[in-house]
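# Quick one, structure for this:
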Amino acid sequence: MNLQHSSALDLSNDLENVPVLIEGKVDKVEYPEFQYSPDNVWGPGCAIDPSELTLPGCSCLSHSCLAESCSCLQTYGQAYDSTGTLLDLSSANAGYCTPVFECNALCACSEACPNRVVQRGLRLRLEVYRTKERGWGARTLEPVPRGTFVCEYAGEVISFEEARRRQLAQGSQENNYIIAVREHAGRGSVTETFVDPAAVGNVGRFLNHSCLPNLFMVPVRVHSAVPRLALFAGRDVDSQEELTFDYAGGYSNRPPAEPSTQRDAAIQASRTDALQRKACHCGAQNCARFLPLDLSVLNV
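Now for the predicted structure:
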């Protein structure tokens, strides 16, 4: 990929529905080396190929699946309205996200079914650019209504052991891209998914952390039992606004009433005998001053 002095480069190399642009002229020396992939890929230690078709489909023959007749909607519930907007935003504000199941390749419904959103891929015009204090970032070039699917956080799906090995091998100046998603299914059952877009990933790898983000992450299953880590707008997002999410998985539309108390507690929690978290420069009123760090992966 020739990135030097390109003013209108499509970061995705035509792999997305719309180009992912890079602002201004980019020097190849400054640009991170990685392979663009709009979807998750099978990484070391992953027990299931993310591209493997493993979920059953519905037999709906209508243009749009109906809750009273669609086996997908009856089994998993309706996640989107007729426009493809996520219905349940209350769970994100409460600090958790209900998993979503979309119709898949085995379903008889049309590609236009409203229960097919994340699988359609990127639809918004996004731009990667250099921020002032946080390196690379990504912003939207058009307004994004609340509940709209923005992009995936795609990369290598790896095992817990591989995630731990990679984090322990990182230098102090290296960025940690690994996201760990834990889904609780009741009776102590926990499903863990680890995604690392450092070497193979999509535009999601450029999204910065914020303690007061405008996006939140939802595990969405389409064809495979391996979830896609989909990012939705938690509020209306303006054109040219930077896109951010909470690396720790939280979400809130408003800062806390007593930000200093939460911040001081987070600062104390950020320090361990073995590690120092990286400073957070999100600028939010409730900023914890340090980026989240999943210590369970490191076994600290």
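# all helices for the stretch 1-150 of the chain, in order.
Secondary structure of the stretch 1-150 of the chain by DSSP state H, counting those that start in this stretch: the helices cover 71-76, 90-93.
# Just give me the lowest mean pLDDT stretch among those helices.
Comparing those by mean pLDDT, the weakest confidence falls on helix 90-93, with a mean of 61.
# now stretch 216-223: mean pLDDT?
95.
# Could you number the chain from 20 rather than 1 from now on?
Right, with 20 as the first residue, what we last looked at is stretch 235-242.
# What lies in contact with that stretch?
Contacts to stretch 235-242, defined as C-beta atoms under 8 Å, 6 or more residues apart in numbering, come from residues 70-74, 105, 111, 116-121, 123-125, 136-138, 172, 198, 200, 202, 212, 246-251, 253, 264-265, 268, 270. (C-beta placed from N, C-alpha, C; glycine too.)
# Kindly export it (C-alpha atoms) in PDB.
Presented in PDB, the C-alpha positions along stretch 235-242 are these (Å, rounded to 0.1, in the frame of the first residue of the first chain):
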ATOM      1  CA  PHE A 235     -21.300   2.100  22.700                       C
ATOM      2  CA  MET A 236     -20.400  -1.400  21.800                       C
ATOM      3  CA  VAL A 237     -22.900  -4.300  21.300                       C
ATOM      4  CA  PRO A 238     -22.000  -7.900  20.500                       C
ATOM      5  CA  VAL A 239     -24.000  -8.800  17.400                       C
ATOM      6  CA  ARG A 240     -24.200 -12.300  16.000                       C
ATOM      7  CA  VAL A 241     -25.000 -12.800  12.300                       C
ATOM      8  CA  HIS A 242     -23.800 -16.000  10.600                       C
END
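# Return the distance of that stretch from the chain's centre.
In terms of C-alpha atoms, centre = their mean, to the nearest Å, the gap separating the centre of stretch 235-242 from the centre of its chain is 9 Å.
# What's opposite residue 171 in the beta bridge?
In this structure, residue 171 has the following beta-bridge partners (DSSP bridges): residue 249.
# which sections of this structure are below the confidence cut-off?
20-27, 44-49, 109-116, 205, 271-295, 314-319 (pLDDT under 70).
# Good, we can wrap up now.
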